[in-house]
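Engineer: Fold the following, please.
(one chain, ligands or ions: 2)
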Amino acid sequence: MNIYDYTLEDLEQYFLSIGEKKFRASQVFEWLYRNKATSFDEMTNISLKLIEKLKEDFTIEVIHLKIKKESIDGTIKYLFELKDGSLIETVLMRHSYGNSVCVTSEVGCAMGCSFCASGELGLVRRLTLSEMVLQVLYIDNELQKRSERVSNVVVMGIGEPFDNYDVLLKFLNVINYPKGLEIGARHITVSTSGIVPKILEFSDFPLQINLAISLHAPNNDLRSKLMKINKVYKIEEVIEAVKLYIKKTNRRVTFEYILLKGVNDSMEHAKELVRLLRGINCYVNLIPYNKVDTKDYDTTDHERAEEFLSILVQSGITTTLRKGHGLDVSAACGQLRAKEMRK
Ligand code: SAH
Ligand code: SF4
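Structural biologist: Residues are numbered from 1 along each chain as shown. Ligands and ions are numbered 1, 2, ... in the order given. Next up, the predicted model:
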């Protein structure tokens, strides 16, 4: 069993089951996530006898890098190969406020949004805890050599995180662990296509994680064309769930809106969006579409994007127009994987 598949609680249970003290678990976690130990022999505050026992019961297996591509803007895209040959993508983005890592939650995606490269081949499988955690750890290791660290995590890579819910919660706990990677909850964002029951369930999760909802359209007709999930959970249900989430957590929610040229970017769409979101404690994040070579969608011109932005801003909705990251390295979620798989 790979030790990275264990949460702190799992390891505590393990130590108790072999007649050891619970606190051994936090010692091991500190070695793995803070000191970046790659073998049990490095764990000098653990007795040799116990180290032998750990070696019998666990492995420390890392993740295998297949391709790494650096963009001119500093964005780095990693393609990892998992043990079963599956390929997943992770992206490091450099911001003024720190290093943000975009994490994959599933191999492929079942949601099949019409504009997205990740969903093209459907869902292969959900990731394990170790496969999620090791994406962050790999990059944190690299950064540590330059005295930097991962400061932010966004679960916005390949897959629908709320479709891998139990593993997601474990992942959030592991990366947040104060004596480990110590990614502050407020520096973590989970993005969902709008799985209503999970939005509601997530409002009970104790960490102050940011929630982002992929909206991409202001009405059911258009949203159902772009996102199949809208046929299951309609826009009103998503909005209602978000309102309940905000009421319960007192946290602001982000709505993501990809600007697709001639599809959802008219001034009428902007006004409709204003009517939909009025009074909700939210941010809107307008995202320039990252062109996918197998899709017919195009990116909205910058001028039109600015106009769209100003309608929202003038209506009192806090909105940002995100700039594209790593456009020259296929940074759109799932694109590098799709390209490699076609090869
Ligand atoms: N499945 C989740 C999280 C992963 S996708 C979700 O859909 O929210 C993360 C974000 O990237 C979503 O808002 C998604 O719509 C967006 N996205 C997907 N393909 C994109 C592309 N080619 N260009 C820009 N954003 C894209
Ligand atoms: Fe899946 Fe998100 Fe892509 Fe839709 S946008 S196919 S939910 S990864």
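
Engineer: quick one: low-confidence parts of the stretch 201-343 of the chain?
Structural biologist: Within the stretch 201-343 of the chain, the segments meeting pLDDT under 70 span 324-333.

Engineer: what are the ranges of the strands in it?
Structural biologist: Secondary structure of the stretch 201-343 of the chain by DSSP state E, counting those that start in this stretch: the strands cover 210-214, 253-259, 282-288, 318-321.

Engineer: Highest mean neighbour count out of those strands?
Structural biologist: Mean neighbour count (mean count of other Cβ atoms under 10 Å) peaks for strand 253-259 among the strands of the stretch 201-343 of the chain, with a mean of 23. All C-beta spots, glycine's among them, are computed from the backbone N, C-alpha and C.

Engineer: Can that one be said to contact ligand 1?
Structural biologist: Yes. Contact of strand 253-259 with ligand 1 (Cβ under 6 Å from any ligand atom) involves 256, 258.

Engineer: Can you tell me what sits against that strand?
Structural biologist: Taking contacts as Cβ atoms under 8 Å, 6 or more residues apart in numbering, the residues outside strand 253-259 that touch it are 115, 189, 191, 210-216, 242, 245-246, 264-265, 273, 277, 280-289, 299-300, 304-305, 308.

Engineer: Could you tell me which strands sit next to that strand in the sheet, and their orientation?
Structural biologist: Sheet pairing for strand 253-259, assigned by DSSP bridges, gives strand 210-214 (parallel), strand 282-288 (parallel).

Engineer: Contacts (any at all) between ligand 1 and the shortest one?
Structural biologist: What it means is strand 210-214. Yes. Using Cβ under 6 Å from any ligand atom, strand 210-214 comes into contact with ligand 1 via Ser214.

Engineer: The contacts of strand 253-259 also near ligand 2: which ones?
Structural biologist: Among those, the ones lying near ligand 2 by Cβ under 6 Å from any ligand atom are Ser214.

Engineer: Give me every residue in the stretch 51-200 of the chain lying close to ligand 2.
Structural biologist: Residues of the stretch 51-200 of the chain lying close to ligand 2 (Cβ under 6 Å from any ligand atom) are 109, 111-113, 116, 118-119, 159-160, 193.

Engineer: at 8 Å what do you get?
Structural biologist: Along the stretch 51-200 of the chain, the residues adjacent to ligand 2 under the rule Cβ under 8 Å from any ligand atom are 106, 109-113, 115-119, 157-160, 191-193.

Engineer: Buried among those residues? Need that as a selection in ChimeraX.
Structural biologist: ChimeraX command restricting those to the buried ones, with burial defined by 16 or more other Cβ atoms under 10 Å:
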select :106,109,111,112,113,115,116,117,118,119,157,158,159,160,191,192,193
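
Engineer: distance of Leu321 from ligand 1?
Structural biologist: Separation of Leu321 from ligand 1 (Cβ to the nearest ligand atom, to the nearest Å): 13 Å.

Engineer: Against Asn285, how distant is that residue?
Structural biologist: Distance from Leu321 to Asn285, counting by Cβ to Cβ, to the nearest Å: 8 Å.

Engineer: got it, and Pro206?
Structural biologist: 25 Å.

Engineer: before we move on, what about Ala305?
Structural biologist: 12 Å.

Engineer: What pairs with the lengthiest strand in the chain, parallel or antiparallel?
Structural biologist: As assigned by DSSP state E, the longest strand anywhere in the chain is strand 87-95. If you go by DSSP bridges, strand 87-95 pairs up with strand 76-81 (antiparallel), strand 98-102 (antiparallel).

Engineer: closest to ligand 1 out of these?
Structural biologist: Shortest distance between ligand 1 and these, using Cβ to the nearest ligand atom, is found for strand 98-102: 8.1 Å.

Engineer: What does the most far-flung residue of the chain relative to its centre show for phi and psi?
Structural biologist: The centre of the chain is farthest from one residue, Lys49, which by Cα atoms, centre = their mean lies 39.0 Å away. Main-chain dihedrals, Lys49, degrees, to the nearest 10: phi -60, psi -40.
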